[in-house]
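Asks: sequence first, predicted model second:
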Amino acid sequence: MICLISNIVDTICAILVDSFEFVVFTDGIEQGLEMPCFFVSCTNPKSELYIGRKYKRNYLFSVQFMTENENADLYSIAEQLEDLLEVIDVKGDFYRGSNTNIDIRSGLLTFTISYPFFVYKEPSEKAEEMEELEEIQNIKE
């Protein structure tokens with residue numbers, strides 16, 4: 001089974017490296033990290049049954065930018081992130097981001113974006129067919 005979350009994280013990381021040329025982390029941040037840098041994670045994946053075998057999924061991703069330079073134009077970087085991550089190409093499939101949020105506190109930029117989409121799940125086993133059903137009706141007079 002393909003892990004779409006990992007593929008989206010990899011795509012976001014590639015976009016960040018190509019556009020900003022900063023180090024990008026996806027696992028825990030270690031001591032002595034090289035700044036400026038990005039940290040990318042999927043913070044709130046949701047999946048709910050929509051109808052039949054159709055599921056609605058909504059993956060919320062967080063992109064954090066850390067820098068030692070407190071005078072860095074974090075709003076400019078946030079706007080660039082909004083443009084770069086609005087539509088992403090994940091292995092030939094395009095996903096449009098929505099519900100973006102920008103939060104800047106103490107020199108830390110946190111940019112969040114959701115990627116909602118639908119998936120169809122194939123049945124795991126062929127369901128057994130019902131045998132014959134006989135219906136008997138009586139009318140009371």
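Replies: Structure received.
Asks: where does pLDDT dip in this protein?
Replies: 1-2, 29-32, 70-71, 124-130 (pLDDT under 70).
Asks: give me the residue at the spatial middle of it.
Replies: With distances taken as CA atoms, centre = their mean, the residue of the chain nearest its centroid is Tyr59 (3.4 Å).
Asks: what comes up buried for the helix or strand encompassing that residue?
Replies: For Tyr59, the element it lies in under DSSP states H and E is strand 54-66. Neighbour counts over strand 54-66 (16 or more other CB atoms under 10 Å) mark Arg57, Tyr59, Leu60, Phe61, Ser62, Val63, Gln64, Phe65, Met66 as buried. Any C-beta I mention is one placed from the backbone N, CA and C, and that applies to glycine too.
Asks: if we can go back for a sec, the residue nearest to the centre of the chain bridge partners, please.
Replies: Tyr115 (DSSP bridges).
Asks: residues contacting it?
Replies: By CB atoms under 8 Å, 6 or more residues apart in numbering, the contact list for Tyr59 reads Leu4, Ile5, Ile8, Cys42, Asn44, Pro45, Lys46, Ser114, Tyr115, Pro116.
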